[in-house]
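Novice: Please work out how this folds:
(2 chains)
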There are 2 protein chains.
Amino acid sequence: MPRLAIIGLGLIGGSLGLALKRAQVGSLEIIGCDAEWGVAGRARKLGAIDREARSAAAAVEDAALVVVATPILAVANVFKEIAPALAEGAVVTDTASTKRDVLRWADELLPESVSFVGGHPIAGKEQSGLDAAEASLFEGRPWAITPSVRASEQAVGAVENLVAAVGARPVPIDAEEHDSYLAGVSHLPLLAATALFSLVSTSRAWPDLAALAGPGFRDTTRLASTSPDLSHDICLTNRENLLHWLDRFVEELRRLRGMLDDEARQAELVKTFASVQAARDAFLRELPARPGPQTEVERMSAGERMLSFMVGEYVVRRTKEIEEVLKQREAGDQPDPRRRPEGR
Amino acid sequence: MPRLAIIGLGLIGGSLGLALKRAQVGSLEIIGCDAEWGVAGRARKLGAIDREARSAAAAVEDAALVVVATPILAVANVFKEIAPALAEGAVVTDTASTKRDVLRWADELLPESVSFVGGHPIAGKEQSGLDAAEASLFEGRPWAITPSVRASEQAVGAVENLVAAVGARPVPIDAEEHDSYLAGVSHLPLLAATALFSLVSTSRAWPDLAALAGPGFRDTTRLASTSPDLSHDICLTNRENLLHWLDRFVEELRRLRGMLDDEARQAELVKTFASVQAARDAFLRELPARPGPQTEVERMSAGERMLSFMVGEYVVRRTKEIEEVLKQREAGDQPDPRRRPEGR
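Specialist: Okay, the predicted model is just below:
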């Protein structure tokens, strides 16, 4: 049976497993592992994975598709650990929020016999961890795809089909561009939300302020609830882009401040509010509807395409293995490939 | 029948009418009007009001409770218009997002025979206008109450009961404090969301950025969809407080920037993210559950208390009117008070 391995079973890894199970991708076995003790067992009970592996290296054995869904700074170590265990022709992807460093680590640490196709599902919620996982997390959401230079076309197709199978929208993009753009639409909002919540919640009047905080405050500061490790890893791996956007944000705030402070510039202020509202309305209209436009049938067929790729790779690899073993037999060695355990 | 008048039938005025109808406050007649042609008729068809009035002055005639739910800068004009038509002993409240100027206008423009109790429901949504109105808009939300110095205790009680009747949580507060606090938890977030959306959406790469924007960007910038008139009125009537918070926000962003830019300060950065996340988690835990903790029965009894106050005021006023007319009759004048039309 074709195997998919998920390394890291938090919100993203867990939701991916649940979404694949819901998409009912034919005869696919999902193996999972997590650095935290007990998490993989819970994921199996929740139905996010079929089988637990004791280590990342054990999980990727014979897997046609490997998804690394750990914190960003853990990705390099996972690459080191799985490199010797990866099957030839396997496709490796990840879910990290920044891509330049991950691509570099993949280039340095993964064997040339595998294809690395970076990935970043742009989905999230206030809670993190496996307990917050849900099958619908990726529906209608963008999922950036950043292939390494030596990834095969088929490998890119397999990851795009994986993304489509869970209801997300694949967005192919260069890794450097990804990091620069995400700094604007995701990492700057994270810092802005953090600064806003930090400022207001450390005010002496905070209990009174909190009593008057409504849904607007809650929404604007939602990203301040991002896991501190994730926030920090993002800052560390996307520092230059983030500093650039942060400086421009402060400039923009100063521009608004200038209008606010000058009675003669009231018309300009109204015009700014009006044009921003119009731009955001247009943005919302153009957003793909959520739940995703995909029907169950479309999602299944993406799953089937992914599977047929995995089966194809599996057959190629299996053929190679058989040839290898046959050669060894010719040389008088064992074992007989036809007696290998079921499922390998 | 006791009358309540709603001047301005947008998101707030319309939702208030719907919520009062849902709370089934006994024999209460809701009269509504709106400056925009056709809106009051639609509000009647939606069941938000019982009867349309052609003008604000006509709407408040004989109303025991008057709610001014217009844009902030329109409030002064409404006060001027209704002042001569207000019944003696009537209670006037409003729903404006800033309170200092409204209190001043009430003091200058409303007759001494009425009680003004300012109000501000801290509820909202991405859409505005009557079509976005919903009965549940205020459930579990804070609703600031800022009485004028000469408002009677009963008048404050009537407004608090109105607020409780629609499922909101009355928060009594001084008007100056209200404006200073709201600048922090509402108006600064509005400017931050506007600056963020303005910056990102005017970038040359905006189409690519938009394709990668996820729920975090959408939530953080939600307030940028606030009606431009509301945003502008808030800026104009709360300028000093907003400038103060804006300066502190820029300082906080610079503080984060300093940590981000300095490799030696990574631990400090993680600590900041961790403490902000913890503070926000605590804030969310302490938030009153929504839908509000109030049961239908509690909400009804608040409505009944409001009504009994309104009936009380009505009886007092009616008695005065009768005395007046009796005096005139003694002097040989007409008409006979017992023949006045039903419902006055």
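
Novice: what distance separates the start and the end of stretch A:256-265?
Specialist: 10 Å (C-alpha to C-alpha, to the nearest Å).

Novice: so what's the residue of the stretch 51-200 of chain A found nearest chain B up against?
Specialist: Nearest to chain B, among the residues of the stretch 51-200 of chain A, is A:I122, at 3.6 Å (C-beta to the nearest C-beta). Glycine gets a C-beta too; all of them are placed from N, C-alpha and C. Taking C-beta atoms under 8 Å, 6 or more residues apart in numbering or on different chains, we find A:I122 in contact with A:141-144, A:182, A:186, B:212-214.

Novice: repeat for A:A85
Specialist: So A:A85 contacts A:57-58, A:60-61 (C-beta under 8 Å, 6+ apart).

Novice: Show the low-confidence segments of chain A, by residue range.
Specialist: A:287-300, A:307-326, A:328-330, A:332-344 (pLDDT under 70).

Novice: Mark out where each domain of it begins and ends.
Specialist: According to automatic domain parsing, chain A comprises the domains A:3-174+A:293-339, A:177-286.

Novice: The closest residue to A:E304 other than its chain neighbours: neighbouring residues, count only.
Specialist: By the measure of C-beta to C-beta, 6 or more residues apart in numbering or on different chains, the closest residue to A:E304 outside its immediate chain neighbours is A:G26, 6.4 Å from it. As a burial measure, A:G26 scores 15 neighbours (other C-beta atoms under 10 Å in any protein chain shown).

Novice: what's the helix or strand for A:G26?
Specialist: Using DSSP states H and E, A:G26 falls within no helix or strand.

Novice: That one and A:S301 touch, don't they?
Specialist: No - checked against C-beta atoms under 8 Å, the pair A:G26 and A:S301 is beyond contact range at 11.1 Å.

Novice: Please identify the helix or strand for the residue lying closest to A:D261 once chain neighbours are set aside.
Specialist: Leaving out its chain neighbours, the residue that sits closest to A:D261 by C-beta to C-beta, 6+ apart is B:L243, at 6.1 Å. Assessed by DSSP H and E, B:L243 sits inside helix B:239-261.

Novice: What of A:V66?
Specialist: strand A:65-68.

Novice: for A:I6, same thing?
Specialist: Assigned by DSSP H and E, A:I6 falls in strand A:3-7.

Novice: Show me what that strand is packed against.
Specialist: In terms of contacts (3 or more C-beta pairs under 8 Å, 6 or more residues apart in numbering or on different chains; DSSP states H and E), strand A:3-7 is packed against helix A:11-22, strand A:29-33, helix A:56-60, strand A:65-68.

Novice: I'd like these written out as a markdown table, with mean neighbour count and distance to chain B added.
Specialist: Formatted as a markdown table, the helices and strands packed on strand A:3-7 follow (neighbours: other C-beta atoms under 10 Å in any protein chain shown; distance: least, C-beta to the nearest C-beta, whole Å):
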| stretch | mean neighbour count | distance to chain B |
| --- | --- | --- |
| helix A:11-22 | 25 | 12 |
| strand A:29-33 | 23 | 24 |
| helix A:56-60 | 23 | 25 |
| strand A:65-68 | 26 | 19 |
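
Novice: Now tabulate the ones you listed in CSV and tack on distance to A:T272.
Specialist: Shown next, in CSV, are the helices and strands packed on strand A:3-7 (distance: least, C-beta to C-beta, whole Å):
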stretch, distance to A:T272
helix A:11-22, 36
strand A:29-33, 49
helix A:56-60, 50
strand A:65-68, 43
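
Novice: Nearest to B:N161, out of those?
Specialist: helix A:11-22 (43.6 Å; C-beta to C-beta).

Novice: tell me the angle the closest one makes with strand A:3-7.
Specialist: 160 degrees (axes from the mean of the first three to the mean of the last three C-alpha atoms, to 10 degrees).

Novice: Now do helix A:11-22: everything it contacts.
Specialist: A:4, A:6-7, A:9, A:28, A:30, A:32, A:34, A:43, A:46-49, A:67, A:69-70, A:95, A:121, A:123-125, A:127-130, A:132-138, A:162, A:165-167, A:303.

Novice: would you list every one of the strands in the stretch 51-200 of chain A?
Specialist: Taking DSSP state E, counting those that start in this stretch to define them, one finds strands in the stretch 51-200 of chain A at A:51-52, A:65-68, A:91-94, A:115-121, A:142-147, A:169-172.

Novice: Direction included, what does the fifth one pair up with?
Specialist: Partner strands and pairing direction for strand A:142-147 (DSSP bridges) are strand A:115-121 (antiparallel), strand A:169-172 (parallel).

Novice: winner for burial among those?
Specialist: strand A:115-121 (a mean of 26; mean count of other C-beta atoms under 10 Å in any protein chain shown).

Novice: Can you name the residues in contact with it?
Specialist: The contact list for strand A:115-121 (C-beta under 8 Å, 6+ apart) reads A:12, A:16, A:67, A:89-97, A:99, A:102-103, A:106-107, A:110, A:137-138, A:141, A:143-148, A:150-152, A:154-156, A:158-159, A:163, A:168, A:175, A:178, A:182.

Novice: pull the CA atoms of that strand into PDB?
Specialist: These are the backbone C-alpha positions of strand A:115-121, laid out as PDB (Å, rounded to 0.1, in the frame of the first residue of the first chain):
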ATOM      1  CA  SER A 115      12.700  15.600  -4.800                       C
ATOM      2  CA  PHE A 116      12.000  18.400  -2.400                       C
ATOM      3  CA  VAL A 117       9.000  20.600  -3.000                       C
ATOM      4  CA  GLY A 118       8.500  23.200  -0.200                       C
ATOM      5  CA  GLY A 119       4.900  23.900   0.900                       C
ATOM      6  CA  HIS A 120       3.200  26.400   3.200                       C
ATOM      7  CA  PRO A 121      -0.500  26.100   4.000                       C
END
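
Novice: From the chain's centroid, how far away is that strand?
Specialist: 8 Å (C-alpha atoms, centre = their mean, to the nearest Å).

Novice: Kindly report the same for stretch A:24-38.
Specialist: 16 Å.

Novice: Next: stretch A:108-116.
Specialist: For stretch A:108-116, the distance to the chain centre is 19 Å (C-alpha atoms, centre = their mean).

Novice: How about stretch A:215-222?
Specialist: For stretch A:215-222, the distance to the chain centre is 24 Å (C-alpha atoms, centre = their mean).

Novice: repeat for stretch A:179-188
Specialist: 15 Å.

Novice: Give me the residues contacting it.
Specialist: A:97-100, A:120, A:122, A:144, A:173, A:234-235, A:237-238, A:241-242, A:244-246, A:249, B:196, B:199-200, B:203, B:205, B:208-210, B:212-214, B:216-217.
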